[in-house]
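Novice: Below are the sequence and a predicted model for it; my questions follow.
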Amino acid sequence: MNKIIIFIIFCLILLLFSYIYYQCKWAKEVRQDIYNKKVKNEIKITQISDFHSNKLKNMEYFKKKILEFNPDFIILTGDINDYGVEKKFNRAIDFLKELSKLKIKTYYITGNHEEAGPMLNDFIKEIKNLGIKYLNNDGDLIEIKDNKIYIYGLSYYNYSFENYKNNDENLNIILSHYSKNVRDNLDDTMDIIFSGHTHGGQVRFPFIGALLAPGEGYFPKFDKGLMKYKNSQIYIDSGLGNTLMDLRFLNRIQFSNITIKRQ
């Protein structure tokens, strides 16, 4: 009887670890619609956040789903690299090389892990060599399908809105690794904020959600998904990687294929 109990416990532990490993290494696609009155024709965006130099086990699925979605551009909202250790640095660059093969216009902002690490300048250099546009407290005005879109990207620690071009006519998109940096400095012209950083808490529970998220404390409100904030909308992607340890529960790593539609 004792042997049977031990065997059952062993099997349950094995299943739990297998489940966590799957949640940490196999990415899923999340589809999200956002509505805005400024949009004339649909805009498609792929958001990738918090890769943290992970090892994706389904890279081909990841690229296939992006190609099928056919986004107008891709946004990388920080912590793609994990503290700049050489091994992780190379893993992050290899990931971006695979992404650049899709030949889709891509924007990048830094997160706390890149800025705190020792290889930030090398990482930015590689980013630029791959044709990825780095936004460092500055913006880019583009036109897609008769939509005028202004994309403004913030750094993490020394973020600034000094170069933000206040214009209520454009669809104004803010890229900020940590949404609170924008929430504390919100301008009524800022339409949609795309962020990461929280990992959705990594561990989530039914009906409760995240117990804890970086910078947001216990039982956070701003942890994952789309939410309204004053006259703006915030979308937080829970990320493609993990920090401290590979741990995910009811919160599989993800990337977001987002369609902005006319309200």
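Specialist: Cool, the structure landed. Numbering: from 1, shown residues only.

Novice: In which helix or strand does Lys65 reside?
Specialist: Assignment of secondary structure by DSSP states H and E places Lys65 within helix 59-69.

Novice: now swap in Val30 and tell me
Specialist: Since the elements are taken from DSSP H and E, Val30 ends up inside strand 28-36.

Novice: Assign a three-state SS to Asn166, would you?
Specialist: In terms of secondary structure, Asn166 is coil; the call rests on DSSP: H, G, I helix; E, B strand; the rest coil.

Novice: Hmm, it is touching Asp187, no?
Specialist: Yes. Taking CB atoms under 8 Å as the contact criterion, Asn166 and Asp187 are neighbours in contact, 6.2 Å apart. (Glycine included, C-beta is placed from N, CA and C.)

Novice: The helix holding Lys65: what's the following helix or strand?
Specialist: In the C-terminal direction, the helix or strand that comes right after helix 59-69 (DSSP H and E) is strand 73-77.

Novice: So for that next one, what gets flagged as buried?
Specialist: 73-77 (16 or more other CB atoms under 10 Å).

Novice: now do stretch 158-166
Specialist: Across stretch 158-166, burial judged by 16+ other CB under 10 Å covers 159, 161, 164.

Novice: which outside residues touch whatever helix or strand Ile93 lives in?
Specialist: Assigning secondary structure by DSSP H and E places Ile93 in helix 86-100. Contacts of helix 86-100 from elsewhere in the structure, counted by CB atoms under 8 Å, 6 or more residues apart in numbering, are 48, 51-56, 59, 63, 74, 80-82, 106, 119, 122-123, 126-127, 130-132.

Novice: Hey, what's the angle from that helix to strand 73-77? Just curious.
Specialist: Orientation of helix 86-100 against strand 73-77 (axes from the mean of the first three to the mean of the last three CA atoms, to 10 degrees) gives an angle of 160 degrees.

Novice: What does the pLDDT read for the spatially most central residue of the chain?
Specialist: Taking CA atoms, centre = their mean as the criterion, Ser49 is the residue nearest the geometric centre of the chain, at 2.2 Å. The confidence metric pLDDT takes the value 98 at Ser49.

Novice: Can we start the residue count at 10 from this point?
Specialist: Let's use 10 as the start, then, which means that last one is Ser58.

Novice: Need the contact partners of the helix holding Lys74.
Specialist: Applying CB under 8 Å, 6+ apart, the contact partners of helix 68-78 are 36, 38, 53, 55, 65, 83, 107-108, 110-111, 113, 264, 266.

Novice: For the residues you listed, which two are the farthest from each other?
Specialist: Across those, the two members that end up farthest from each other (CB to CB) are Lys53 and Leu65, 21.8 Å apart.

Novice: quick one, which of those two is more surrounded?
Specialist: Taking neighbours as other CB atoms under 10 Å, Lys53 and Leu65 compare with Leu65 leading, 20 against 16.

Novice: my guess is that one meets Ile57, correct?
Specialist: No. The pair Leu65 and Ile57 does not pass the contact test of CB under 8 Å, sitting 11.0 Å apart.

Novice: Now do the shared contacts for those two.
Specialist: Leu249.

Novice: what's the longest helix in this structure?
Specialist: Secondary structure of the chain per DSSP state H: the longest helix is helix 11-34.

Novice: Tell me the buried residues in the helix holding Lys74?
Specialist: By neighbour count with 16+ other CB under 10 Å, helix 68-78 contains the buried residues 71, 74-75, 78.

Novice: can you list the buried residues of stretch 167-175 in JSON lines and add distance to Ile245?
Specialist: Converted to JSON lines, the buried residues of stretch 167-175 look like this (distance: CB to CB, whole Å):
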{"residue": "Tyr168", "distance to Ile245": "17"}
{"residue": "Phe170", "distance to Ile245": "20"}
{"residue": "Tyr173", "distance to Ile245": "20"}
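
Novice: rewinding a little: quick check: mean pLDDT of the helix holding Lys74?
Specialist: Confidence over helix 68-78, taken as the mean pLDDT, stands at 98.

Novice: Can I get that helix as CSV, trimmed to CA atoms?
Specialist: This file holds the C-alpha atoms of helix 68-78, laid out as CSV (Å, rounded to 0.1, in the frame of the first residue of the first chain):
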residue,chain,number,x,y,z
MET,A,68,9.9,28.4,-32.9
GLU,A,69,8.4,27.3,-36.3
TYR,A,70,4.9,27.5,-34.9
PHE,A,71,5.7,31.0,-33.5
LYS,A,72,7.0,32.2,-36.9
LYS,A,73,4.1,30.5,-38.8
LYS,A,74,1.4,32.2,-36.7
ILE,A,75,3.0,35.6,-37.2
LEU,A,76,3.2,35.1,-41.0
GLU,A,77,-0.4,33.9,-41.1
PHE,A,78,-1.5,37.0,-39.1
